[in-house]
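Participant: Below: sequence and its predicted model.
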Amino acid sequence: MNRVLGGNLRKEILIISLVGLVFITFMFTTLILEEHWKLSERKYCGRLQEEIINSPEAYNQHTIHAITSTYTRLSQKADLTSLMQTLMHLHNFHCWIVIEDSDEKTALVTKLLKKSGLHYTHLNIKNSEQTKCVKHLQTTNAALAWVRKHIGPDEGVVYFMDDDNTYDLKVFEDMRTTKVASVWPVGLATDLIVEGPALCKDGKVLTWRAVWKPDRKVPIDMSGFALSAAFLRHHPDVYFIDVEPLESQFLADLGLTKDRMEAKANNCTEVNVWHTRTKKYIPHLEDEALKLGPEFNPNVEV
């Protein structure tokens, strides 16, 4: 009887030992395979990264610095929120330079920028009321001066963004390949459906679509061009001046001409930015609503 029990016990111990050995072998093999997979993945990612860096498309990774002048109005928060939501979708977006037409930074813009999660610089300066043609002359030039002082010569491209325009993400990807100065068509500009470069071939602009002052040296809207940071640094004394056409004179003072502009937007066959403008909103019924009492008029920022 004892021999039988002893034999059964030895069999159970043997079975348990075999099961444990199989389990340990399985776990050890799994760990080896996992480490091998991780090593292979790192090697693959390294090769992939190297291929990207060494490829012509690597030039597309240039950073973007966007300058936006803004001023207090009823639609300001709505306009800036729309623009902010667009910029949040961009990769390799380095800095949003927002400059207020104000003697001091406003709480509205400060809070909006803080919650955006974007890398930004918040500036302010009061525009002069003495300018004849350009309302945002001082703000734009102050932002331009900040760019020249703080952004290195090899740090991508600079783009001027109106706070109430509409932008397709593709316009930003296009400008990343800017060597000196790039250009593309702008929708809804200067009372036209589209203005700017019309017929383009092999990255060169052959004809320009412009009716308002068609003899402009570079007939383009502010949102229709981007400049390399290096190029701007090479022209430290060139700023916007109080003349019309503002953009064309600025580009001409930089030494740019129509034939030097680099055509983007699939050889100017696409419109990816629109010069939309928020119509001045007049709340005609607001006085009637205020008469309803405090329970109908909460103190809320719009």
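Facilitator: Thanks, I have it. Numbers count the residues shown, from 1 in each chain.

Participant: CA atoms for contacts and neighbours, from now on please.
Facilitator: Will do.

Participant: got the domain boundaries for the protein?
Facilitator: For the chain, automatic domain parsing gives the domain ranges 2-49, 62-274.

Participant: first vs last residue of stretch 272-291, how far apart are they?
Facilitator: Taking C-alpha to C-alpha, to the nearest Å, stretch 272-291 runs 45 Å from one end to the other.

Participant: still on that earlier bit, including mean pLDDT, mean neighbour count and distance to residue 289, could the domains of the chain go into CSV?
Facilitator: CSV is the format used below for those (pLDDT from 0 to 100; neighbours: other C-alpha atoms under 10 Å; distance: least, C-alpha to C-alpha, whole Å):
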stretch, mean pLDDT, mean neighbour count, distance to residue 289
domain 2-49, 53, 12, 60
domain 62-274, 94, 18, 17
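
Participant: of these, which approaches residue 293 most closely?
Facilitator: Residue 293 sits nearest to domain 62-274 of all the domains of the chain, at 21.9 Å, using C-alpha to C-alpha.

Participant: Please tell me how far the residue lying closest to residue 89 once chain neighbours are set aside sits from residue 125.
Facilitator: Once flanking residues are discounted, residue 89 sits nearest to residue 169: 7.8 Å by C-alpha to C-alpha, 6 or more residues apart in numbering. Per C-alpha to C-alpha, residue 169 is found 29 Å from residue 125.

Participant: All the strands of the stretch 1-150 of the chain, residue numbers only.
Facilitator: Secondary structure of the stretch 1-150 of the chain (DSSP state E, counting those that start in this stretch): strands at 64-70, 93-101, 120-125.

Participant: Nearest approach to residue 259 belongs to which of the ones you listed?
Facilitator: Checking these against residue 259 by C-alpha to C-alpha gives strand 64-70 as the closest, at 23.9 Å.

Participant: The closest one: partners in the sheet, and parallel or antiparallel?
Facilitator: Using DSSP bridges, strand 64-70 pairs in its sheet with strand 93-101 (parallel), strand 157-160 (parallel).

Participant: now it: how far from the chain's centre is it?
Facilitator: Between the centre of strand 64-70 and the centre of its chain there are 9 Å (C-alpha atoms, centre = their mean, to the nearest Å).

Participant: now stretch 179-198
Facilitator: Chain-centre distance of stretch 179-198: 19 Å, with C-alpha atoms, centre = their mean.

Participant: CA atoms only for it - export them in PDB, please.
Facilitator: Provided in PDB are the C-alpha atoms of stretch 179-198 (Å, rounded to 0.1, in the frame of the first residue of the first chain):
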ATOM      1  CA  LYS A 179      13.800  78.600 -50.000                       C
ATOM      2  CA  VAL A 180      13.500  82.400 -50.200                       C
ATOM      3  CA  ALA A 181       9.900  83.500 -50.900                       C
ATOM      4  CA  SER A 182       7.000  81.400 -51.800                       C
ATOM      5  CA  VAL A 183       3.600  82.400 -53.200                       C
ATOM      6  CA  TRP A 184       0.100  80.900 -53.800                       C
ATOM      7  CA  PRO A 185      -3.400  82.100 -54.900                       C
ATOM      8  CA  VAL A 186      -5.700  83.700 -52.300                       C
ATOM      9  CA  GLY A 187      -9.400  83.400 -52.500                       C
ATOM     10  CA  LEU A 188     -11.900  86.300 -52.000                       C
ATOM     11  CA  ALA A 189      -9.200  89.000 -52.200                       C
ATOM     12  CA  THR A 190      -9.400  92.500 -53.600                       C
ATOM     13  CA  ASP A 191     -13.000  92.100 -54.800                       C
ATOM     14  CA  LEU A 192     -12.000  89.000 -56.900                       C
ATOM     15  CA  ILE A 193     -12.800  85.400 -56.500                       C
ATOM     16  CA  VAL A 194      -9.100  84.600 -56.600                       C
ATOM     17  CA  GLU A 195      -6.000  86.900 -56.800                       C
ATOM     18  CA  GLY A 196      -2.300  86.200 -57.200                       C
ATOM     19  CA  PRO A 197      -0.300  83.700 -59.300                       C
ATOM     20  CA  ALA A 198      -2.500  82.300 -62.000                       C
END
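
Participant: all strands for the stretch 151-300 of the chain, in order.
Facilitator: Using DSSP E, counting those that start in this stretch, the strands of the stretch 151-300 of the chain run over 157-160, 166-167, 181-183, 186-187, 194-197, 200-201, 204-205, 208-209, 225-228, 262-263, 273-274.
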